[in-house]
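[1] Build me a structure from this.
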Amino acid sequence: MSKALAPYPIGIDFGTSSSTAAWIDSNERLRQLEGRDLLPFVPSIVWYGPEDQKRVGWGAQRMLEDDPKNTATDFKRLLGRFFHAPNMKKYTANRAVRTVADVDGYIALDAGIRVQRVEQITSEIYHHIRQLAQAQSHMRFDSAVLTVPTNFGLLQRKAIRQAARSCPWQVKALLNEPTAAAFSFLATQDISGRVLVFDLGGGTLDLTILERRGGSVNILATDGDEFLGGRDLENRVTKWVASEFERKTGFNIFESKVAFERLNESTRRAMHLLDKHSEATIYVPSIGIHQRQIIDLSTIFSRMHLETISAPFMRQIEHTLHNLFTHTGIDIKSVDHVVFVGAATRSPLLRRQVISWTGGASTTDIDPRIAVACGAALVGRHLNTDGLNISYDMVTKDVHLYTNEGLNQKIIPNQTRVPFSTTIRLSAKRHSGHVFIGEYDGDGDESQLTPIGLLEIPQSGFGLRKKDINLCIRLDNTYKLSVSLVDVNGRERPIEVQHPFDISS
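    Below you'll find the predicted structure:
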């Protein structure tokens, strides 16, 4: 018997370490995904084997140690990234799975019997979650609200849409992760005042400032760091343990990516234990052969060690947090409540630091594992009820239009709400031909330019003005960029946003 269509879109939280989902059932009740042992998530891991074998989620997790060279993990931050981008090398190093460039220049993983695009690997997670959710809900999900890190650019959001398309899902909206968590929090808490949602997951730091007065909620600002997460601290600790082990034994773990990955997994487990205990053991049996003998790694790791190693990591978090408040002109001491989301926020050290930075704001706990997915499901219900033109979120990077003739014009400012539309006028004489669109991750430094697309502007026809060209630029709720040519009568003709060139190569 075929399943009934779900009344609302499913909410999906695809995370660096784990992923989950939530939905509103036919009785208007909020439900969450159940993974193994009733845990509300599945690991974001995919293993590729011979003859098109693959395992996803919990089935792939054990392969991290058994076959790490063919097991994809921590790939979320590689989505929509150019292989030759200057800042990506440090994020592809020390991976057991070899990273390569695909035919379009994006990062891909050489796992199993073929090169796998990161979008395809991500789609395996989406498809797995959809199967689990449909089996547990006895409903069919044809649409979804997907969550993304705040600092994901337009190319990363496009890659998310492409990954979801193969499920197949109609993507109703892309929602910044802390904004989704904010909706989940507000649905269960009767509070007022200024709220900071602090979301530190495995791969990203995401922040949203909102204000609730009476029955109205206003998202004031959102930002973050797409390359700062709990896994970065884990890697920092792993490198420290590996260096200490080499100093004591002479064995260099860094020479083996497989040994490094095994140590990283053991480090991760030990750090989780430190959330509740003062010390934990990091143990990796048979980590390598040294002087013709198989050796084990075993060391006691304490909270004192962690506090020392994590000091630079905490300074990065503080810098990102203060940048958001400084750039938006909001006093960080005006925060009344802090909502912690993300597995890494379980750390007592981190919580103490954030509370001190905000001047002692009260903390409110929601389940960090499901808050983002639940918020996405709640927004999905509103979208189905109220339409698709409601503004739930905002962009976090400046989008510029530029030409070979020297034009550089900001067309979508940072913190612009979506959906968004604007019309710009160009000189037909100076700017006909190629027009480029790019994203600045910073203060206009061209070294931080990420190409988005190329436009071919016609020189005549379609009722063009003799002196001016009018372009309509739009971003919808999925952050899909569309451009159209506008004639003197207001009629529009779409212009294809062609494949972005890779400036960095």
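
[2] Would you map the helices across the stretch 51-200 of the chain?
    In the stretch 51-200 of the chain, helices defined by DSSP state H, counting those that start in this stretch lie at 58-61, 63-66, 89-92, 118-137, 154-165, 177-188, listed in chain order.

[3] Quick check: phi and psi on K397?
    As for K397, its main-chain torsions (degrees, to the nearest 10) stand at phi -140, psi 150.

[4] Spatially, which residue comes closest to M88, not counting chain neighbours?
    Using CB to CB, 6 or more residues apart in numbering and skipping the chain neighbours, the partner closest in space to M88 is R81 (5.5 Å). C-beta coordinates here come from the backbone N, C-alpha and C atoms, glycine included.

[5] Can you give me every residue that contacts Y106?
    For Y106, the set of contacting residues under the criterion of CB atoms under 8 Å, 6 or more residues apart in numbering consists of G80, R81, F82, F83, R117, V118.

[6] and with 10 Å instead?
    In this structure, Y106 makes contact with 78-83, 85, 117-119, 155, 159, 502, judged by CB atoms under 10 Å, 6 or more residues apart in numbering.

[7] Reformat the helices of the stretch 51-200 of the chain into TSV and put distance to G215, mean pLDDT and mean neighbour count next to each item.
    Conversion of the helices of the stretch 51-200 of the chain to TSV gives the following (distance: least, CB to CB, whole Å; pLDDT from 0 to 100; neighbours: other CB atoms under 10 Å):
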stretch	distance to G215	mean pLDDT	mean neighbour count
helix 58-61	42	92	19
helix 63-66	47	84	16
helix 89-92	43	83	14
helix 118-137	31	96	20
helix 154-165	31	94	22
helix 177-188	11	89	25
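
[8] okay, those in JSON lines with distance to G329 next?
    Supplementary listing: the helices of the stretch 51-200 of the chain in JSON lines, determined by distance: least, CB to CB, whole Å:
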{"stretch": "helix 58-61", "distance to G329": "45"}
{"stretch": "helix 63-66", "distance to G329": "45"}
{"stretch": "helix 89-92", "distance to G329": "32"}
{"stretch": "helix 118-137", "distance to G329": "36"}
{"stretch": "helix 154-165", "distance to G329": "26"}
{"stretch": "helix 177-188", "distance to G329": "19"}
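
[9] where does T396 fall, helix, sheet strand or coil?
    Secondary structure for T396, judged by DSSP: H, G, I helix; E, B strand; the rest coil, is coil.

[10] Next one: it from W357, what distance?
    Distance of T396 to W357, computed by CB to CB, to the nearest Å: 20 Å.

[11] So these two - more neighbours on which side?
    Set side by side, T396 and W357 show more neighbours around T396, with 24 against 21, by other CB atoms under 10 Å.

[12] Surely the more buried one and G153 touch.
    Yes - A contact is recorded between T396 and G153 when judged using CB atoms under 10 Å, the distance being 8.5 Å.

[13] Quick check: I287 touching E246?
    No - using CB under 10 Å as the test, I287 is too far from E246 to be in contact (11.5 Å).

[14] Looking at those two, which one has more neighbours?
    For I287 and E246, the more surrounded residue by other CB under 10 Å is I287, and the numbers stand at 24 against 14.

[15] which residues sit in contact with that one?
    Contacts here follow CB under 10 Å, 6+ apart; on that basis I287 touches 242, 245, 249, 251, 253, 256, 258-260, 262-263, 266, 294-298.

[16] List the buried residues in the top strand by length along the chain.
    Using DSSP state E to assign secondary structure, the strand with the most residues in the chain is strand 279-290. Of the residues in strand 279-290, those with enough neighbours to count as buried (16 or more other CB atoms under 10 Å) are A280, I282, V284, I287, G288.

[17] Strands of the stretch 201-350 of the chain, residue ranges please.
    Shown for the stretch 201-350 of the chain, the strands assigned by DSSP state E, counting those that start in this stretch span residues 205-213, 216-225, 279-290, 293-302, 337-341.

[18] Show me the residue at the heart of this structure, geometrically.
    Nearest residue to the geometric centre of the chain (CA atoms, centre = their mean): P149, 3.5 Å.

[19] How far away from the center of its chain is stretch 283-291?
    Computed by CA atoms, centre = their mean, to the nearest Å, the chain-centroid distance of stretch 283-291 equals 35 Å.
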